[in-house]
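# show me how the following folds:
(2 chains)
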Number of protein chains: 2
Amino acid sequence: MTNRIHREVIGGHLLVIGGAEDKYNERRILKKFLSLAGDEKAEILIVPVSSDFPEFASDVYAQAFRNLGVKNPRVLRATSRQDVFNADADALLDGVTGVFITGGDQMRLVSILGGTKFAQKLGELATTTNIVVAGTSAGAAGMSASMIVRGEATPHPHKNSVRLSPGLGFLKNIIIDQHFTERGRISRLITAVSYNPYNLGIGIDENTAIILDREGVLEVFGEGTVTIVDGSQITYNEIAEVKDNESFSVCGVQLHIIGDGMIYDYFARTPMQPPNEFLLPDIE
Amino acid sequence: MTNRIHREVIGGHLLVIGGAEDKYNERRILKKFLSLAGDEKAEILIVPVSSDFPEFASDVYAQAFRNLGVKNPRVLRATSRQDVFNADADALLDGVTGVFITGGDQMRLVSILGGTKFAQKLGELATTTNIVVAGTSAGAAGMSASMIVRGEATPHPHKNSVRLSPGLGFLKNIIIDQHFTERGRISRLITAVSYNPYNLGIGIDENTAIILDREGVLEVFGEGTVTIVDGSQITYNEIAEVKDNESFSVCGVQLHIIGDGMIYDYFARTPMQPPNEFLLPDIE
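So this is what the prediction gives:
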């Protein structure tokens, strides 16, 4: 993991949300997004192309951001590749400090955006500027280079319980899964990691997010937990040897379940001990 | 784990079944039980006290064993401690080569059998003779010294998602969970292990069993998989610091998911590589 080419390159921050983030009450995650985007100076672009109802999705988020003080959130209005080609990518992204990718269907997201000038420019901004790119649910899944596209929440981790497809690639060797413990997705994430244990699997609960910075720091933020599946110590992996609907053996999977405020070093692949967390306060 | 006092002591075999084992068709697990009990020389005792309908449960298993050639399976007929006190433990267990503990409610099993002469004698036989003791579902859970008694299959592993209670204690530092992946119980098993990571957690799927011998060999046998939760490498464990209904962080959990024929060394706590599993056959 020492070679820069083989690890994540993040210019500012990625905010990866497990779906169903609170939009009306405490709104911790949306506030965090705006804070990373520069608060009152935030220039926000909403990307609702994953959604079945992109107009509705963009309205919901535009209103949520307006309620939090954003003056004129922009929207990429597109339901087809043609719309994306016709959109003025330069104008849409010029001066933007935060991009928010909504939920829906990650396959739609990638099949519409993939390979367009807009996606290329967004990727450049994400790696070379201080921008924050946020994605929730499908928008979170789509950030991976190896993206989980479907897969029933099967009890046994069988080989066919998950399909991978190329995603937007903001995360080069991290596979994101979302609505994670709510939908019992640990088996499919272990399966996804077992395909190529080079990838780190990160499952994010609803109303919960991870914030990744350029230095390898991943912080958990929100109500639920984040489950990290590290396959780098796998000693035995049967996945190539079984039929599609068969369960397979896999040994030596490392699991970290971390909650709000916990930090994981995604370069070194190690959870960081909270400093003095359980100590009584010093008496001065 | 080198001190004999602190590890499992098994005289013959323990056969621990995840529930819903096939009783009418292939019957691999029941056949394995009888084979470990001496086949045509098997003397079988059925212990149905966990069950809501012990007469029915004992009839089902008695018939299943008769169909497989057992002449006169014995039954511990008891629905109360008084019944167990009145039973002739010596006569029931004399010459027995296999004991089968049915499913039902593990709390009932232990509250009726615990501390009786019958349980004491069974424990002695299990540790000092070549007997096989089998348990399915509640009968499997009850084998642990620290027994899982209830716990909703919650999405998040929160502190209150599992309660432990003293079990029959055939397994001194292994916590058994059953109907495992079918009921999505990984969170509660991780929680149970987090209470005291000294314990090894073993989750067994339906129609699947583990066979433990006296030498530390645990073999998986059956249709599903067995999930081993090893907490000995846990680096961070928040369970003591959170409220009952809160989720907690836990880092460094080791997970092994192993299927039919795979072997795990439960003394050394390490999965054993199948020898030459994936090699092409030698050409003679």
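# for A:Glu152, give me the pLDDT.
Reading off the confidence values, A:Glu152 has pLDDT 64.
# what pLDDT does the model give the residue of the stretch 1-150 of chain A found nearest chain B?
Of all residues in the stretch 1-150 of chain A, A:Gly18 sits closest to chain B, at 11.5 Å by Cβ to the nearest Cβ. (Each C-beta comes from the backbone N, C-alpha and C, glycine too.) Reading off the per-residue confidence, A:Gly18 sits at a pLDDT of 98.
# enumerate every residue touching the closest residue to A:Leu30 other than its chain neighbours.
Excluding its sequence neighbours, the residue lying closest to A:Leu30 (Cβ to Cβ, 6 or more residues apart in numbering or on different chains) is A:Ala64, at 5.9 Å. By Cβ atoms under 8 Å, 6 or more residues apart in numbering or on different chains, A:Ala64 lies in contact with A:23-24, A:27, A:30.
# what about these, which one has the most neighbours?
Top of the contacts of A:Ala64 by neighbour number is A:Leu30, holding 25 neighbours under the definition other Cβ atoms under 10 Å in any protein chain shown.
# tell me the average confidence for the helix or strand harbouring that one?
With the criterion set as DSSP states H and E, the secondary-structure element containing A:Leu30 is helix A:28-36. If you average the pLDDT over helix A:28-36, you get 98.
# which elements pack onto whichever helix or strand comes after it?
Next helix or strand after helix A:28-36 toward the C-terminus (DSSP H and E): strand A:44-47. Under the contact criterion of 3 or more Cβ pairs under 8 Å, 6 or more residues apart in numbering or on different chains; DSSP states H and E, strand A:44-47 touches helix A:54-67, strand A:74-75, strand A:98-101.
# looking at those, which is closest to A:Gly184?
Across the helices and strands packed on strand A:44-47, A:Gly184 has its closest neighbour in strand A:98-101 (24.6 Å, Cβ to Cβ).
# could you give the number of residues near A:Arg81?
The number of residues packed near A:Arg81 is 15, by other Cβ under 10 Å.
# equivalent analysis for A:Met107, please.
Other residues near A:Met107 number 18, with proximity taken as other Cβ under 10 Å.
# now A:Asn204: closest residue in space that isn't a chain neighbour?
No, residue A:204 isn't Asn; it's Ile. Leaving aside its sequence neighbours, A:Ile204 is closest to A:Gly18 (3.3 Å, by Cβ to Cβ, 6+ apart).
# wait, the one you found sits on A:Phe221?
No - counting by Cβ atoms under 8 Å, A:Phe221 is not a contact partner of A:Gly18; they are 10.7 Å apart.
# which one of these two has more residues nearby?
Using other Cβ under 10 Å, the more surrounded residue of A:Gly18 and A:Phe221 is A:Gly18, with 31 against 18.
# can you tell me how far the more buried one is from A:Gly169?
20 Å (Cβ to Cβ, to the nearest Å).
# show me the helices in chain A, by range?
Counting by DSSP state H, residue ranges of the helices within chain A are A:28-36, A:54-67, A:81-86, A:89-93, A:106-113, A:117-128, A:138-141, A:186-195.
# most neighbours per residue, which of those helices?
For the helices of chain A, average neighbour numbers computed from mean count of other Cβ atoms under 10 Å in any protein chain shown are highest in helix A:138-141, which has a mean of 28.
# can I get that one in CSV, CA atoms only?
Extracted in CSV, the C-alpha atoms of helix A:138-141 (Å, rounded to 0.1, in the frame of the first residue of the first chain):
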residue,chain,number,x,y,z
ALA,A,138,-26.6,4.2,-4.8
GLY,A,139,-24.5,7.4,-5.0
ALA,A,140,-22.3,5.8,-2.3
ALA,A,141,-22.1,2.5,-4.0
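# list the helices and strands it packs on?
Helices and strands in packing contact with helix A:138-141 are listed as strand A:13-17, strand A:98-101, helix A:106-113, strand A:146-150, strand A:174-177; criterion 3+ Cβ pairs under 8 Å, 6+ apart.
# who in the stretch 151-284 of chain A is up against chain B?
A:155-157, A:181-184, A:186-187, A:190, A:205, A:224-225, A:235-236, A:238, A:241, A:247-259, A:262, A:271, A:273-274, A:277-278 (Cβ under 8 Å from any Cβ of the partner chain).
# give me the buried entries from those residues.
Restricting those to buried positions leaves A:155-157, A:181-184, A:186-187, A:190, A:205, A:224-225, A:236, A:238, A:247-259, A:262, A:271, with burial counted as 16 or more other Cβ atoms under 10 Å in any protein chain shown.
# strands - which of those residues land there?
Restricting those to those inside strands, with DSSP state E as the criterion, leaves A:236, A:250-258, A:271.
# out of the helices and strands in chain A, which is least certain?
When each helix and strand of chain A is scored by mean pLDDT, DSSP states H and E, strand A:146-150 comes last, with a mean of 90.
# parallel or antiparallel, list what pairs with that strand.
The strands beside strand A:146-150 in its sheet (DSSP bridges) come out as strand A:163-166 (antiparallel).
# off-centre distance for the strand it pairs with?
In this view, strand A:163-166 has its centroid 15 Å away from the chain centroid, taken as Cα atoms, centre = their mean, to the nearest Å.
# what comes up buried for that strand?
For strand A:163-166, the neighbour count (16+ other Cβ under 10 Å) marks A:164-165 as buried.
# repeat for stretch A:260-277
Of the residues in stretch A:260-277, those buried under the neighbour-count criterion (16+ other Cβ under 10 Å) are A:260, A:262-264, A:266, A:269-272.
# got JSON lines for these, with pLDDT too?
Listed next are these as JSON lines, based on pLDDT from 0 to 100:
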{"residue": "A:Asp260", "pLDDT": "94"}
{"residue": "A:Met262", "pLDDT": "95"}
{"residue": "A:Ile263", "pLDDT": "96"}
{"residue": "A:Tyr264", "pLDDT": "97"}
{"residue": "A:Tyr266", "pLDDT": "96"}
{"residue": "A:Arg269", "pLDDT": "95"}
{"residue": "A:Thr270", "pLDDT": "94"}
{"residue": "A:Pro271", "pLDDT": "94"}
{"residue": "A:Met272", "pLDDT": "89"}
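# of all the residues you listed, which two lie farthest apart?
For these, the farthest-apart pair by Cβ to Cβ is A:Asp260 and A:Arg269; their separation is 20.8 Å.
# overlap in contacts of A:Gly18 and A:Phe221?
By Cβ under 8 Å, 6+ apart, the residues touching both A:Gly18 and A:Phe221 are A:208-209.
# where does the stretch 151-284 of chain A have low pLDDT?
A:151-157, A:275-284 (pLDDT under 70).
# at 90 what do you get?
Scanning the stretch 151-284 of chain A for pLDDT under 90 picks out A:151-162, A:181-185, A:187, A:241-247, A:272-284.
# hmm, A:Val60 and A:Arg66 touching each other?
No - using Cβ under 8 Å as the test, A:Arg66 is too far from A:Val60 to be in contact (11.0 Å).
# so who does the nearest residue to A:Lys243 once chain neighbours are set aside touch?
Excluding its sequence neighbours, the residue lying closest to A:Lys243 (Cβ to Cβ, 6+ apart) is A:Lys159, at 7.1 Å. Under the criterion of Cβ under 8 Å, 6+ apart, the neighbours of A:Lys159 are A:191, A:239, A:242-246, A:248.
# same deal with A:His158?
Contact analysis of A:His158 by Cβ under 8 Å, 6+ apart lists A:191, A:242, A:244-248.
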